[in-house]
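Coordinates for the following, if possible.
(one chain, ligands or ions: 1)
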Amino acid sequence: MPELPEVETVVRGIAPHLKKRRITQVELRRADLRVPFPKGFKERLEGAGITGISRRAKYILIELDTAETLVIHLGMSGSLMFREAPFKKHDHVIFTLDNGKKLIFHDPRRFGLMDLVKDTKTHKLFAHLGVEPLAEGFNSVTLGASLKTRSGPIKTAIMDQKVVVGVGNIYASESLFQAHISPLRKANSLKKSEISALCEGIKNVLELAIKSGGSSIKDFVQSSGKPGYFQHSFEVYGHTNKPCLCAAKHGILKITPLVKKITQQGRATYYCNNCQK
Ligand SMILES: [Zn+2]
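Below is the predicted model of the structure:
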């Protein structure tokens, strides 16, 4: 499933090709994705000029000069790519630009979503969302304030969109590993220094993933058509029963610490008992 870094990668990949362009034609090759397209979707888009491209959580926001924003969510397997005909199976939406280029939304599992929104701050898709992890507003003070009232596990807390958006399952394990914090710790038990380390860990893993072009564990394809490669850099995720990286750092230990896999809220968590406390 595309996570925040993949979505950011898509935004960065398509933005230069969309900026200041006009949408001349929209072809809907079916009536719905996860939900039906909004009323008059095609008509409201055709002729609209693109004034900006950004991201909020895992939503791609394409601002239009019609005072509406085209909101796209990639769902489980969605991708956006500039391609030419012939179109493939699961190419559900084709946006043609005024320079003739075609942006294609391809989504085999159809969990994606498209909407046209007037105000992305107050709209129901966005109103409940917490701070962006890569924004300045996400720091040890704001994270500390959110964690204060939470007695559940820290991993669950950082995956809560009200606390911070876009920390998916992989990045939750990776950032806790970087911060040397056990995913089982109660969220409100973290010390100030640990909250700082966790903030830094979250920013680091997400930025590294964006730099690497997003992970391509399953279905993600970058907007250029090349897969991302971040999965090779995971330090703990998926390393079940493999020696933890801390073993090398600390020299020869009597017992080599192994990465454990547990389940939290139905999701796999990977961590090391030795270096994550
Ligand atoms: Zn370790």
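
Pretty sure Pro5 is one of the things Ile210 touches, is it not?
Yes - counting by Cβ atoms under 8 Å, Pro5 is a contact partner of Ile210 at 4.7 Å. No exception for glycine: its C-beta is placed from N, CA and C like everyone else's.

What are the contacting residues of stretch 13-31?
Stretch 13-31 is contacted from outside by 37, 41-42, 45-53, 62, 64, 80, 82, 87, 91-99, 101, 103, 222-224, using Cβ atoms under 8 Å, 6 or more residues apart in numbering.

give the contact list for Ala187.
With Cβ under 8 Å, 6+ apart, Ala187 has these contacts: 147, 150-154, 156-157.

Can you list the buried residues in the lengthiest helix in the chain?
In the chain, assigned by DSSP state H, the helix with the most residues is helix 192-211. Neighbour-count burial for helix 192-211 flags 194-199, 201-203, 205-206, 208-210 (criterion: 16 or more other Cβ atoms under 10 Å).

What helices and strands are in contact with it?
Applying 3 or more Cβ pairs under 8 Å, 6 or more residues apart in numbering; DSSP states H and E, we find helix 192-211 packed against helix 4-18, helix 140-147, helix 154-158, helix 169-178.

Dump it to PDB, keeping only the CA atoms.
Presented in PDB, the C-alpha positions along helix 192-211 are these (Å, rounded to 0.1, in the frame of the first residue of the first chain):
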ATOM      1  CA  LYS A 192      11.100  14.200  27.100                       C
ATOM      2  CA  SER A 193      14.400  13.000  25.600                       C
ATOM      3  CA  GLU A 194      12.600   9.900  24.200                       C
ATOM      4  CA  ILE A 195       9.900  12.000  22.600                       C
ATOM      5  CA  SER A 196      12.600  14.100  20.900                       C
ATOM      6  CA  ALA A 197      14.300  11.000  19.700                       C
ATOM      7  CA  LEU A 198      11.100   9.600  18.400                       C
ATOM      8  CA  CYS A 199      10.200  12.800  16.500                       C
ATOM      9  CA  GLU A 200      13.600  12.700  14.900                       C
ATOM     10  CA  GLY A 201      13.300   9.000  14.100                       C
ATOM     11  CA  ILE A 202       9.900   9.600  12.400                       C
ATOM     12  CA  LYS A 203      11.300  12.500  10.300                       C
ATOM     13  CA  ASN A 204      14.400  10.500   9.500                       C
ATOM     14  CA  VAL A 205      12.800   7.400   8.200                       C
ATOM     15  CA  LEU A 206      10.200   9.300   6.200                       C
ATOM     16  CA  GLU A 207      12.800  11.500   4.600                       C
ATOM     17  CA  LEU A 208      15.100   8.600   3.800                       C
ATOM     18  CA  ALA A 209      12.200   6.800   2.200                       C
ATOM     19  CA  ILE A 210      11.300   9.900   0.100                       C
ATOM     20  CA  LYS A 211      14.900  10.200  -0.900                       C
END
